[in-house]
Each structure stands twice: as structure tokens, then as C-alpha cells.
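1. no sequence on this one, just coordinates:
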């Protein structure tokens, strides 16, 4: 593979576009043409890209351009990264423009988070298709190392190895190769769990709903941010686009967990998308004295209310053990607690392990790729590590048979998926935190 010195990012004014531009300029030491439809947007993207890496030195390698400049800059480019909106027709139209001007030895990558890579590649001649991939960075890419690489049916295998080496060794990515399946691996696992938690919030709306479920699945359950808080951070519109695509294009045992709850759709219809619009499933309001307080959507009424302070005994026992690094004691206490809330927490931990392993088996090269994706793409506890925390393969399988729907278990080979040969890629202990 030739040395990558010049990169063109098309759609560089989007969050991922300018963030990836910063990665190429800083880690890759590349000259990066940042292309937007309007010059002002491209100029702003350069400033945004430099801000993501917090280094003035990269600014000189970031060059603002427009679509009118493509005939000039594409022949010079060693790699073209397409980062326009998640619309397959729009991406195909952009690909047709790119194909007119690139060299035969160019690398072309799309930053899609779930569209068909093979379908997108068909706008290129075969000599370019052999070096076309999905190259899915996670946001923000300067902090999250994960990069899912999705080859086409005609990708050159020798070249692909060199390309993955470049991403890993030069751009310092945690690279996993994934089959061309909807949602790939990381998003399929992460958004399945988040959407099912949202569904459970509706089921338990009489107990509190949204903040009730988030209180049950706090940082002590293996993720820095509670699941529905994460959805609010990502944006309800983005969440909907991902789960709708997964519902339409996947058909595994958890298929119905991708149905967006009606209360989330109602918020989208109001234009309340989450943090970026000031309100979504949560919102902050300012008191008269200038202080702020957090409110949460009450599913039953459709209006916001003050967040509740839940006092679950299982959380006290679990976090007390975590504070003294007694991980066995922590999870033994969770398994022994018979409360509804403890059972819900344990159920989601078990479902997370099962769905991660089942999905990795379907779309990844090895089970450990699920660990890599969830740690480096979501900052969640490694699924295999969660299995170890719960007592190992035999104990986890026993618990799954007790807590997970029998209809689900009938559709998987539990002994194949959960076994003693699984070794965690990361130490799980750092991901279970005593704070809520």
C-alpha cells in the first residue's frame, strides 16, 4: 500500500467529518483537504477539526475546500474519506463525483455507521472497489479508539491487511474487521441494549420509567453513563435512525427490541431530540437562584418532572463491595438479592453478554471483537469480562436460563457462545464503578 500523505474528507463540516480530519492530520501527519458545499462551512470545519485535537500544529495541514475544488484535489489524494449524511442515495451521488477524478490506486472509505458497504461500492469501477471499505470511526474519534473496517465482496485481502495495519499502527485505532451487516457490531450491541432499556422504562412507567431504569443500570453495572442518558446524549433522531435501520435489516432473536417506544417518537415529533436541543428524555432547568436541576420525562403524562432519588438496597450492597474492590462479593450480592430492581440489573447484564457474543458470532472474526468494540467504542465493560465477573461461563449460562426469555435461548447455541475458552480482552474491574 502506498504511503498516505494526502487525504480528502468529503462532508468535512459534519461532526464526524471534521473529527476524522483531525485524526488524519494529527496521528497520520497528512495534508487534509476538508470539503464542504460552502466555503464558510469548510472554513469553520477547519477550526472545529483543530479544536478536536487541541493542537495548533495541525491547523497548517487542514485546508478548506468546496465541491467545486474536487477536480483539482482528488487526483492528488491518496485516500478519500466520504462522510456525508446517512442517506444511501446521497452517498451514491457523492461517490459518482469522486469516481470521476480519483487515481486508479486511490483508497476510498465511507464513514457510514450501518449502510451496506457492498451497495455503496458499486458506483466505482472494480479496480477501485478492491480498495473500498466501510471505515467506521466512533464519536469522538480522538477519544474513542474503535474503528470497524468493513470490506466489500471484492476487497483485495492483501491490501486490506495493510490498510488495517495503517489504521492500527499509524492512526492508533483499535481495529476490528466486520461483515457487511446492518449496524456492524458495536452499534448493534449498544443500541440494542439502550433501546430495550427504553422499552422497559415504558413497561415500568408506574415506578418512575426513565430515571427508574437508569438508576437500576448505573455505573456499577458496567458503563460510565446510564443507558437512557446516553440516548439523550446521542440524540433521539440519531438513535431512531439506527434502531429503525436495524429493525428493517436484521432478524435475530432480539429483533423486537429495536422497536422505538412511542414516547420517544413523541419527543422527536416535538423537536425535543436530547442534549443538542435542550430537552429530550431529560432536560436541565435553571432555578431563580441560578442553580440548575435535572428533570426527566414522565412517560405517563408526557411532561417533565423532577428526577427522583431512588434508594435501592441492592445498589448500596453492590457499591459498598465495589468500593473495597471486592468484586466477587459485589456480584454475589447482586445475584442473591431478590428485589425486582436487582433482578432487572442482573437481567440486562446477562442479556448484554448473550447478545454481544451472539452478534460477534454472526458478524465478527472472533468473540473477543465484542470486547474491543464495547470498550473502545462505548467505554462499556467488556462482555466477556462481565461473564467472568458474574462467576464464569457455567455460572453465567445457569443464570441466563433463569433470567433470559426461553424463546430467545431456543434460537441460540448457548454452549457454543458461552464457554470456558472465552478470555476477556480487558480487565473488567475498571468498568464497574462504585458511584452511581
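-> Received, thanks. As the structure is a prediction and not an experimental result, all values here were calculated from the model. Residues are numbered from 1 along each chain as shown.
2. tell me where the stretch 101-250 of the chain has helices.
-> 117-121, 126-129, 157-165, 186-203, 210-216, 227-234, 236-249 (DSSP state H, counting those that start in this stretch).
3. ranking these by burial, who's on top?
-> helix 210-216 (a mean of 26; mean count of other CB atoms under 10 Å). C-beta: built from backbone N, CA, C; applies to glycine.
4. could you check the pLDDT of residue 55?
-> On pLDDT, residue 55 comes in at 69.
5. for residue 82, what are phi and psi?
-> phi -90, psi 120 (degrees, to the nearest 10).
6. cool, and residue 420?
-> Here residue 420 shows phi and psi, under degrees, to the nearest 10, equal to phi -70, psi -10.
7. so it sits against residue 393, correct?
-> Yes: Residue 420 is in contact with residue 393 according to CB atoms under 8 Å; the separation is 4.9 Å.
8. out of the two, which sits in the more crowded spot?
-> Set side by side, residue 420 and residue 393 show more neighbours around residue 393, with 19 against 8, by other CB atoms under 10 Å.
9. distance of the closest residue to residue 280 other than its chain neighbours relative to residue 72?
-> Of all residues beyond its chain neighbours, the one nearest residue 280 is residue 274 (3.3 Å), with distances taken as CB to CB, 6 or more residues apart in numbering. Remark: distance between residue 274 and residue 72 (CB to CB, to the nearest Å) = 39 Å.
10. the two: which has the busier surroundings?
-> residue 274 (25 against 11).
11. enumerate every residue touching the more buried one.
-> Residues in contact with residue 274, defined by CB atoms under 8 Å, 6 or more residues apart in numbering, are 231-236, 280-282.
12. residue boundaries of the strands in this protein?
-> For the chain, applying DSSP state E gives strands covering 6-10, 31-36, 62-66, 79-82, 107-110, 132-137, 146-151, 174-177, 282-286, 292-298, 303-306.
13. right, so of these, which gets closest to residue 401?
-> strand 174-177 (29.5 Å; CB to CB).
14. residues making contact with that closest one?
-> Against strand 174-177 from outside (CB under 8 Å, 6+ apart): 145-151, 160, 164, 167-168, 185, 364-365, 369, 372-373, 375-376.
15. repeat the analysis, applying 6 Å as the threshold.
-> 145-149, 164, 167-168, 365, 369, 372, 376 (CB atoms under 6 Å, 6 or more residues apart in numbering).
16. which of those count as buried?
-> For those, a neighbour count by 16 or more other CB atoms under 10 Å gives the buried set as 145-149, 164, 167, 369, 372, 376.
17. contacts only, for residue 385.
-> 424, 428.
18. distance of the spatially most central residue of the chain from residue 387?
-> With distances taken as CA atoms, centre = their mean, residue 187 lies nearest the centre of the chain, 4.3 Å away. With distances taken as CB to CB, residue 187 is found 21 Å from residue 387.
19. over to residue 58?
-> Taken as CB to CB, the span from residue 58 to residue 387 is 41 Å.
20. neighbour count for the two, which is higher?
-> residue 387 (28 against 23).
21. look at the more buried one and report its pLDDT.
-> 97.
22. please apply the same query to residue 1.
-> Model confidence at residue 1 (pLDDT) stands at 77.
23. would you check that it makes contact with residue 162?
-> Yes: at 4.0 Å, residue 1 counts as touching residue 162 under the criterion of CB atoms under 6 Å.
24. which residues does the longest helix seen in the chain contact?
-> Longest helix in the chain, counting residues (DSSP state H): helix 340-363. The contact list for helix 340-363, computed with CB under 6 Å, 6+ apart, reads 178-179, 181, 185, 188-189, 192-193, 216-217, 221, 254, 312, 314, 334, 367, 369-370, 383, 386-387, 399-400, 403-404, 412, 417.
25. buried residues in it?
-> 341-361, 363.
26. output the contacts of strand 174-177 as CSV; include the columns distance to residue 211 and pLDDT.
-> Formatted as CSV, the contacts of strand 174-177 follow (distance: CB to CB, whole Å; pLDDT from 0 to 100):
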residue, distance to residue 211, pLDDT
145, 31, 96
146, 29, 97
147, 34, 97
148, 32, 98
149, 38, 98
164, 42, 98
167, 39, 98
168, 40, 98
365, 39, 96
369, 33, 97
372, 31, 98
376, 28, 97
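27. can I get these in CSV with distance to residue 23?
-> CSV is the format used below for these (distance: CB to CB, whole Å):
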residue, distance to residue 23
145, 10
146, 12
147, 9
148, 15
149, 15
164, 16
167, 10
168, 13
365, 24
369, 21
372, 18
376, 14
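28. nearest to residue 36, of those?
-> Once CB to CB is applied, the member of these that ends up nearest residue 36 is residue 147, at 23.2 Å.
29. got a list of what the closest one touches?
-> Contacts of residue 147 (CB under 6 Å, 6+ apart): 137, 167, 173, 175.
30. contacting residues around the closest residue to it other than its chain neighbours?
-> Spatial nearest neighbour of residue 147, chain neighbours left out: residue 173 (3.7 Å); criterion: CB to CB, 6+ apart. By CB under 6 Å, 6+ apart, the contact set of residue 173 is 145, 147, 167.
31. same question for residue 304.
-> Residue 304 neighbours (CB under 6 Å, 6+ apart): 283, 295, 297.
32. now those: which count as buried?
-> Buried, going by 16+ other CB under 10 Å: 283, 295, 297, out of those.
33. how about the nearest residue to the last one, chain neighbours excluded?
-> Okay, so that is residue 297. Per CB to CB, 6+ apart, closest to residue 297 is residue 281, 5.1 Å.
34. what's the answer for the second one, then?
-> On the basis of CB to CB, 6+ apart, the spatially nearest residue to residue 295 that is not a chain neighbour turns out to be residue 304, at 4.2 Å.
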